[in-house]
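Colleague: I'll drop the sequence and a predicted model, then ask my questions.
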Amino acid sequence: MFEKKRSQFLSVNVIIFFSGCTILFLISQLYSVLQVSLIMKGAGSVLLLSSVMTAMVVPRIFLLPVAGFLTDKAGVSRTLTGGTGILGILLVSLAVVNQVNAVNKYTVFIYAVLFGGISAAILPALYSAVPALVSGENLQKANSVMQFISQGSLLAGPLFAGIVIGKMSDNAYVLMALASIAALFLFSRVKYMEKQGQAEVPEGSRAAVQGSYKDLFKLPVLLLLLGFTAILNLCVIGPQQVGFPVVAMNCLPEGVDGYTKLLSMTGLGSLISAVIIGNMKRRENGQSIRLILWCSLALGAVWSIFSFGSSRLLILGAAFAAGLLLGIINVLFITVLQQLTPDFLVGRVMGIQFLCSAGLQPVSYMLTGVVLNQFSISQLYLISGGSIILITIVILVYSYKSNTM
């Protein structure tokens with residue numbers, strides 16, 4: 001995918017890490033599809049399904065900040081291998097429970113809570129590991145690979161899960177357990193190095209540096225960026241997941257069944273953006289922040305298209321453009337956060353970052369439902385797109401006036 005400086009970037013160490021990440025992302029997709037299949041074939045209850053999906057998301061709100069703290073204190077290697085090991089134990093026990101036919105709605109719910117919690121606990125360590133694996137000049141490229149793996153698993157994961165379930169049936173749980181063990185083995189082989197000044201030191205030395213969440217208040221630019229991403233995700237996640245089915249029903253000839261096409265176009269845009277940003281020239285942090293803001297401005301305008309667009313081509317094009325812009329924003333944003341954050345706070349900042357995205361999913365869903373209950377789908381996208389544009393303009397004006405970014 002990236003030919004330039006291949007020898008410096010794609011070392012065996014880095015490839016091992018990305019292979020472990022790919023397995024974890026695919027496990028997440030396979031688990032979600034297995035739960036949907038199990039519930040709908042067994043109880044057939046949409047209420048139970050929604051409760052289980054909610055149970056997988058809610059623990060993130062509480063565990064992400066804690067996981068970030070543990071990553072900083074225990075170190076990336078211990079947190080990542082420990083979390084993956086616990087996940088492996090959970091999935092092995094689930095495979096055993098399934099083999100002895102002890103699965104019921106209570107065990108499904110309990111495992112959903114545990115799986116969601118452990119998965120959330122691993123996330124900050126995954127992204128904290130990236131700057132401990134590559135040099136600063138390759139950081140943007142490495143984050144683009146993470147974006148490619150993440151979006152690729154979202155696109156190919158359900159298809160892969162469908163094939164696995166069709167071929168293996170209940171043995172898919174055994175495969176998932178074995179895959180988690182393989183991921184643990186891979187992560188245990190990764191050697192992390194960090195740069196402090198000009199010297200490289202072992203990753204574990206991070207734990208020796210003391211710090212706390214209050215240190216974030218000494219970094220106002222970081223707080224501003226985290227606040228911005230929280231607002232951006234509130235305006236995007238709900239309208240995408242809840243609003244897209246309504247848009248498909250109103251604007252696509254396939255009706256609500258066209259919802260998956262909108263998601264696929266958005267995912268394809270994000271996948272392509274990972275390739276683009278990975279080959280893009282590395283910028284200074286201030287330049288990257290301004291590019292993020294300009295892309296956000298464009299995203300707000302694209303988001304507003306869903307409020308008045310009616311043709312199939314325009315709607316699908318807007319979904320693709322939104323995915324493209326979101327992918328660029330995500331990679332640049334993660335890279336800037338990693339570069340601006342002191343080593344002893346990276347885990348905590350990554351935890352807050354994912355709290356501002358994945359952790360806010362239920363809130364965004366609720367707000368979207370409230371808006372749709374009071375207004376039309378067109379007004380939903382006008383409000384969300386307009387909010388993105390407004391907050392972006394305010395931060396852009398502030399950044400140029402204060403010259404702090």
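Modeller: Done, it's in.

Colleague: residue ranges for the strands of the chain, please.
Modeller: 193-196, 199-202 (DSSP state E).

Colleague: Comparing those by mean pLDDT, which bottoms out?
Modeller: Within the strands of the chain, the stretch with the lowest mean pLDDT is strand 199-202, showing a mean of 36.

Colleague: distance from the centroid: which residue in this structure tops it?
Modeller: The centre of the chain is farthest from one residue, Val100, which by C-alpha atoms, centre = their mean lies 34.2 Å away.

Colleague: How much space separates that one from Leu178?
Modeller: Applying C-beta to C-beta, to the nearest Å, the value for Val100 to Leu178 is 18 Å. In this view, the C-beta of every residue, glycine as well, is placed from N, C-alpha and C.

Colleague: hmm, back to that, now do the same for the residue farthest from the centre of the chain: its pLDDT.
Modeller: Confidence score, pLDDT, at Val100: 83.

Colleague: Leu80 too?
Modeller: 91.

Colleague: Now do the nearest residue to Phe17 once chain neighbours are set aside: how many residues are near it, please.
Modeller: Counting by C-beta to C-beta, 6 or more residues apart in numbering, the nearest residue to Phe17 once its immediate chain neighbours are dropped is Val190, at 4.9 Å. By other C-beta atoms under 10 Å, 23 other residues sit near Val190.

Colleague: try Gly327
Modeller: 28.

Colleague: residues contacting it?
Modeller: Gly327 makes contact with 147, 151, 269-274, 277, according to C-beta atoms under 8 Å, 6 or more residues apart in numbering.

Colleague: low pLDDT regions in the stretch 201-350 of the chain?
Modeller: 201-213, 256-257 (pLDDT under 70).

Colleague: The same query, at a cut-off of 90, please.
Modeller: Residues of the stretch 201-350 of the chain meeting the criterion pLDDT under 90: 201-230, 232-234, 236-268, 270-271, 274-290, 303-316, 333-350.

Colleague: Can you identify each of the helices in the stretch 301-405 of the chain by residue range?
Modeller: In the stretch 301-405 of the chain, helices defined by DSSP state H, counting those that start in this stretch lie at 312-340, 346-355, 361-374, 377-402, listed in chain order.

Colleague: An error on my part: the question was meant for the stretch 151-300 of the chain.
Modeller: 172-189, 220-238, 244-251, 259-278, 285-308.

Colleague: Need the contact partners of the shortest one.
Modeller: For helix 244-251, the surrounding residues in contact (C-beta under 8 Å, 6+ apart) are 254-259, 261-263, 306, 309-312, 315, 319, 372, 377.

Colleague: Try it again at 6 Å.
Modeller: 255-256, 258-259, 262, 306, 310, 315, 377 (C-beta atoms under 6 Å, 6 or more residues apart in numbering).

Colleague: Select only the buried ones of these in ChimeraX?
Modeller: Burial among those is assessed by 16 or more other C-beta atoms under 10 Å; the matching ChimeraX selection reads:
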select :258,259,262,306,315,377
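
Colleague: re earlier: most neighbours among the contacts of Gly327, which one is it?
Modeller: Most neighbours among the contacts of Gly327, by other C-beta under 10 Å: Ser270, with 27 neighbours.

Colleague: was I right about it contacting Ala322?
Modeller: No - contact criterion C-beta atoms under 6 Å: Ser270 and Ala322 do not qualify, at 9.0 Å.
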